[in-house]
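> sharing a model prediction with you, sequence too.
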Amino acid sequence: MSPQYFATMGIPFVVGRDFNEHDTYSSEPGIIVNQAFVQKFFHGEDPLGKRLGLDWNIRHGEIIGVTADARQTDLKVDPQPTIFLNQAQSPMYFGALVVRTALPPAAIASAVERAVHAVDPDQAISHIESMEQVLSASMARPRLESVLLGIFAAVALLLAAIGLYGVLAYSVSQRTREIGIRMALGANSQQLVRSIVRDGIGFILAGTLGGLAMALALTRLLTSLLFHISPTDPVTIVAVCCLLLAVGLLASWLPARRAAAVDPVGSLRVE
């Protein structure tokens with residue numbers, strides 16, 4: 001790392017300082033760690049000024065700052081204990097240049113290349129990407145899996161609604177004579193609608209409770225697809241159950257309205 005890297009990436013310091021021009025190859029090596037490192041190895045103790053032994057191109061160094069945790073490799077991987085060394089004190093043969101700009105990244109890429117080549121004409125430059133592209137590449141597979149699961153869930157919901165409608169519509173057709181008799185005896189359309197919807201609610205509740213039990217049993221399979229959301233998130237579970245009930249009620253209401261429109265005289269003639 002080099003000075004201003006954390007400011008460029010928007011990673012705040014919790015305590016201590018960033019690398020600066022006084023951290024040179026001949027001075028005491030400075031080390032910056034993240035909060036995960038402090039929590040694991042210092043257990044609440046102040047880490048500033050502590051010396052660490054390193055198996056690197058420097059043998060030891062002093063902790064000069066602690067930064068907030070940030071995901072370094074993958075958005076799905078929780079921040080790990082991390083040590084940051086100064087490029088000026090622990091030089092490497094490869095590196096990455098990070099540029100923060102208010103302009104579109106593609107518009108300044110060539111200008112950045114010219115600036116690098118002005119310092120070292122033989123410096124090879126590759127993998128020029130914006131942070132949006134990096135994030136998009138990291139989320140490509142989880143996003144695809146989420147879209148596919150969403151499509152399958154929508155198809156399953158549609159099939160469930162069609163199946164429920166079909167069962168209730170068939171039940172209404174088989175009860176045409178009964179419905180005609182009830183209407184002839186004084187039952188009104190609202191009573192019929194409530195009766196048929198009540199039957200549908202029984203199917204809905206049984207299916208929802210069974211599906212909820214299966215979902216809770218299989219939540220571990222979905223953990224890898226979730227980001228900062230618990231597989232048993234109560235808000236999500238309640239929202240999905242409400243959606244299922246709403247779709248089921250609609251599927252029940254349609255045949256109920258059809259039954260309410262039955263002609264009592266005509267239905268009594270049905271064999």
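Looks like it arrived, so ask away. Numbering: from 1, shown residues only.
> what ranges do the strands span in this protein?
Applying DSSP state E to the chain gives strands spanning 13-16, 30-34, 51-53, 60-67, 83-85.
> make a markdown table from those and add mean pLDDT, mean neighbour count and distance to Ile108 to it.
All C-beta atoms are positioned from the backbone trio N, CA, C, and that covers glycine. Converted to a markdown table, those look like this (pLDDT from 0 to 100; neighbours: other CB atoms under 10 Å; distance: least, CB to CB, whole Å):
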| stretch | mean pLDDT | mean neighbour count | distance to Ile108 |
| --- | --- | --- | --- |
| strand 13-16 | 93 | 14 | 27 |
| strand 30-34 | 92 | 24 | 28 |
| strand 51-53 | 88 | 12 | 37 |
| strand 60-67 | 91 | 19 | 26 |
| strand 83-85 | 90 | 18 | 26 |
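> domain assignment for the protein?
5-95, 139-268 (automatic domain parsing).
> adding distance to His117, write those domains out as TSV.
Formatted as TSV, these follow (distance: least, CB to CB, whole Å):
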stretch	distance to His117
domain 5-95	15
domain 139-268	32
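> in stretch 77-88, what counts as buried?
Buried residues in stretch 77-88, counted by 16 or more other CB atoms under 10 Å: 84-86, 88.
> with stretch 12-28 instead?
16, 18-19, 23.
> with stretch 130-140 instead?
So for stretch 130-140, counting by 16+ other CB under 10 Å, buried means Ser138.
> how about the helices in the chain?
5-9, 35-41, 105-119, 131-174, 176-184, 189-217, 234-260, 264-268 (DSSP state H).
> so for the longest one, mean pLDDT?
Yep, that's helix 131-174 we're talking about. Averaging pLDDT along helix 131-174 gives 81.
> can you name every helix or strand that it contacts?
helix 189-217, helix 234-260 (3 or more CB pairs under 8 Å, 6 or more residues apart in numbering; DSSP states H and E).
> gap between Thr223 and Leu135?
21 Å (CB to CB, to the nearest Å).
> apologies, that question was intended for Pro121.
Distance from Pro121 to Leu135, by CB to CB: 32 Å.
> then Leu168?
47 Å.
> same thing with Gly211?
Gly211 is 34 Å from Leu135, by CB to CB.
> same question for Leu157.
Leu157 is 30 Å from Leu135, by CB to CB.
> what does Ser146 give?
Distance from Ser146 to Leu135, by CB to CB: 15 Å.
> re the thing from before, closest to Tyr5 out of the strands of the chain?
strand 83-85 (8.1 Å; CB to CB).
> for that closest one, packing partners?
By 3+ CB pairs under 8 Å, 6+ apart, strand 83-85 packs against strand 30-34.
> try it again with 10 Å
strand 30-34, strand 60-67 (3 or more CB pairs under 10 Å, 6 or more residues apart in numbering; DSSP states H and E).
> Pro12: which of these is closest?
When these are compared for distance to Pro12 using CB to CB, the nearest one is strand 60-67, at 7.0 Å.
> just the C-alpha atoms of that closest one, please, in CSV.
Coordinates of each C-alpha in strand 60-67 appear next as CSV, following Å, rounded to 0.1, in the frame of the first residue of the first chain:
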residue,chain,number,x,y,z
HIS,A,60,9.3,-6.7,12.0
GLY,A,61,7.3,-3.5,12.2
GLU,A,62,5.2,-1.2,14.4
ILE,A,63,1.4,-0.9,14.2
ILE,A,64,0.7,2.8,13.3
GLY,A,65,-3.0,2.6,12.4
VAL,A,66,-6.2,0.5,12.4
THR,A,67,-8.7,0.7,9.6
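> now it: how far from the chain's centre is it?
33 Å (CA atoms, centre = their mean, to the nearest Å).
> likewise stretch 36-46?
29 Å.
> equivalent analysis for stretch 34-44, please.
27 Å.
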